[in-house]
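In: have a look at this prediction, sequence included:
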Amino acid sequence: SGNQGGCPPVTPQCTPSLQAAFTPGGNPNTHVYAAAGTYTVSVQATGGGVTKTATRTLVVASSGPPSPFYTISGATFSQTSGRWEVPMGQIVTFTATEANAASWGWNFGDGSSAGGRTATHAFTQLGAPNAILTVIGDNTNTIGESSSIILFSIVDPSVLYLNNRRFEVRTSWTSTGQGTSGVGTAVSLTTDTGYFWFFNASNLEVVVKVLDACSIDGYFWVFGGGLTNLGVQLNVLDTQTGAARTYSNTEGTAFQPIQDTRYEQCPAQAAASTVAPRATTAATVTLSAPTPATPVVGDTVSFTATPSAEFTGTVTYLWDFGDSCPPVVPGCTGGSVAGPATNTHRYAGPGTYTVSVTATAGSVTASDTQAVTVGEASPTIPHPSAAYTITGATAGRNSIWAAPINQVVTFTASETHAASWAWDFGNGDVVSGPTATHTFTAAGSPQVTLTVSGDGTLTDGVSSVVIRFEITDPYTLLLDNGRFAVQVAWSSAAQATSGFGTATPLTSDTGYFWFFNPTNTEVVIKALDACSIDGHFWIFGSGLTNLGVVVTVTDTQSGTVMQYTNPDGSAFLPIQDFLSFNSCGGS
């Protein structure tokens with residue numbers, strides 16, 4: 001028998017030739033290839049004075065099947081439905097994470113398809129299409145075929161869906177002076193809050209919030225505010241009961257606040273029964289141990305989710321294999337992906353990972369986790385990994401982590417086989433150990449250096465990584481490229497409490513503040529550059545609150561400061577200031 005090149009890869013003194021070198025061997029025979037590639041295997045059989053030769057081509061891959069993973073921009077993943085939600089007509093960008101492939105195929109589930117590692121698509125019909133990514137290996141680094149099913153919900157862009165899609169909100173607007181009219185485009189902010197824009201996506205016009213206050217006074221509440229003086233109609237529909245109400249703003253007047261605490265009465269609690277209710281068993285899902293039990297890097301690891309009898313009908317599964325994003329790529333969003341009950345995964349690096357699965361069937365849901373330890377595949381002692389995870393900060397663009405001042409940030413090195421870990425926060429502040437905590441006390445752009453030294457057994461040498469940060473003041477909203485600084489203070493005499501609003505930017509000229517929790521929008525502010533119109537900057541503000549509020553707007557170039565006050569216990573009146581900021585030249 002022989003292999004193309006003529007030398008077994010474990011025989012360095014052998015000199016290969018252009019002809020296959022036949023060496024005696026048994027039947028059947030085995031051979032170890034040291035590198036990926038395409039080989040011609042030959043066998044020569046001799047007996048009874050007769051010699052015959054046969055050949056066969058063999059493709060040796062350096063890895064297993066191609067990864068079917070992907071990233072998506074232009075759509076939002078819903079943990080509730082397990083689907084990607086996107087407005088009809090909006091462009092969605094799909095990118096396969098596997099670089100070593102012969103082809104990538106995208107079937108969008110609506111009769112359209114595309115090829116290439118990156119594809120774009122706009123869904124033009126409402127519905128729930130299932131897209132499919134198919135990746136075919138390049139027969140060198142990957143071999144075989146893998147696929148993923150991507151679940152979508154295509155929604156109406158003019159409808160704001162709130163409270164787990166129970167409420168649908170629509171807006172329409174008119175401008176008699178311009179002779180135009182239209183409908184607002186919806187943008188979701190939280191589960192109960194969103195806003196509409198009319199003319200362009202950067203210009204917020206109306207914000208609305210539908211609160212479930214059933215536990216407070218037995219009603220659903222509707223709060224609304226506008227940064228416009230156009231004629232506006234806002235319709236709120238409860239899709240469960242059919243209850244609907246329309247709120248109007250007269251054209252030419254500042255948008256008056258909506259504070260409807262009697263939008264709809266909550267369903268009455270069922271009368272107490274004299275018969276004790278039948279005990280129910282909580283639904284569970286059980287995640288199996290990994291197969292194989294002790295995988296190494298490159299192995300295909302299998303897990304099976306088994307739901308309990310409480311799950312009926314179609315069961316969907318969301319999987320997170322614990323390494324959705326490489327920890328040294330802060331820009332990666334990761335998260336759970338849909339998959340079958342028995343799912344497989346390949347790990348790119350050694351370590352201990354936590355696999356989680358969530359099963360859902362209608363209103364029944366349950367989750368389970370399982371740990372898997374992946375060993376090093378190569379006998380060569382590698383350098384220690386400089387990978388890390390961070391909590392208390394948010395991964396952003398250009399590999400920069402964002403955190404507010406005075407927030408505790410926790411750093412954890414992913415490498416467990418090391419002699420030492422050192423976290424250098426600058427200014428001589430160095431913390432040893434695999435985990436470190438740090439509080440950034442000033443806004444700025446600090447850098448943190450992690451240095452990991454190998455243990456000499458499973459890892460060797462030294463690895464390091466520089467982690468960049470952007471530390472921000474959470475209570476200041478910067479608008480128009482930082483020219484205007486906005487701060488909000490609030491107070492409640494009834495609750496004997498006060499504080500500062502936490503700022504969240506929306507567009508270059510608009511943002512909002514929350515007081516008690518991030519899901520509850522309270523005040524929206526907009527600073528418009530109208531210098532080309534009347535030589536001023538215009539300030540628009542609206543609130544979804546009746547607390548005492550002081551909004552402070554500072555022009556950082558001219559030094560002009562204005563304060564707008566809403567009395568405690570009063571509906572927040574709109575701010576429409578066209579005159580106070582007249583330093584368009586910045587002087």
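Out: Received it, and whenever you're ready, just let me know what you need.
In: for the host helix or strand of I150, buried residues please.
Out: Using DSSP states H and E, I150 sits in strand 145-155. By neighbour count on 16 or more other Cβ atoms under 10 Å, the buried set for strand 145-155 is E145, S146, S148, I150, L151, F152, S153, I154, V155. Placement of C-beta: from N, CA and C, glycine included.
In: contacting residues around G456?
Out: A419 (Cβ atoms under 8 Å, 6 or more residues apart in numbering).
In: returning to what we had before: what does the strand holding I150 contact?
Out: Under Cβ under 8 Å, 6+ apart, the answer for strand 145-155 is 65-70, 72, 75, 78, 81-88, 94, 98, 109, 123, 125-137, 161, 316, 337-339.
In: those, buried ones only, as a ChimeraX selection?
Out: Entered in ChimeraX, the line below selects the buried ones among the contacts of strand 145-155, by 16+ other Cβ under 10 Å:
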select :65,66,67,68,69,70,72,75,82,83,84,85,86,87,94,98,109,123,129,131,133,134,135,136,137,161,316,337,338,339
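In: the contacts of strand 145-155 in strands, which ones?
Out: 70, 72, 78, 83-87, 94, 130-137, 161, 316, 337-339 (DSSP state E).
In: check which helices and strands the host helix or strand of V465 sits against.
Out: Assigned by DSSP H and E, V465 belongs to strand 462-472. Packing partners of strand 462-472 (3 or more Cβ pairs under 8 Å, 6 or more residues apart in numbering; DSSP states H and E): strand 388-391, strand 400-404, strand 447-454.
In: for E264, find the nearest of these.
Out: strand 400-404 (37.2 Å; Cβ to Cβ).
In: packing partners of the closest one?
Out: Against strand 400-404 (3+ Cβ pairs under 8 Å, 6+ apart) you get strand 394-395, strand 462-472.
In: what residues of it count as buried?
Out: Neighbour count says strand 400-404 has I400, W401, A403, P404 buried, by 16+ other Cβ under 10 Å.
In: closest to K209 out of those?
Out: P404 (23.8 Å).
In: residues contacting that closest one?
Out: P404 neighbours (Cβ under 8 Å, 6+ apart): I471, T472, D473, P474.
In: next: T76.
Out: W84, E85, V86, S188.
In: my guess is the second one contacts Q79. True?
Out: No. Applying Cβ atoms under 8 Å, one finds E85 not in contact with Q79, separated by 10.9 Å.
In: just give me the neighbour total for C584.
Out: Neighbour count of C584, defined by other Cβ atoms under 10 Å: 16.
In: in a markdown table: the buried residues of strand 145-155, plus pLDDT and distance to R262.
Out: Below are the buried residues of strand 145-155 laid out as a markdown table (pLDDT from 0 to 100; distance: Cβ to Cβ, whole Å):
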| residue | pLDDT | distance to R262 |
| --- | --- | --- |
| E145 | 88 | 59 |
| S146 | 88 | 55 |
| S148 | 88 | 47 |
| I150 | 92 | 42 |
| L151 | 90 | 38 |
| F152 | 91 | 37 |
| S153 | 87 | 32 |
| I154 | 89 | 34 |
| V155 | 86 | 29 |
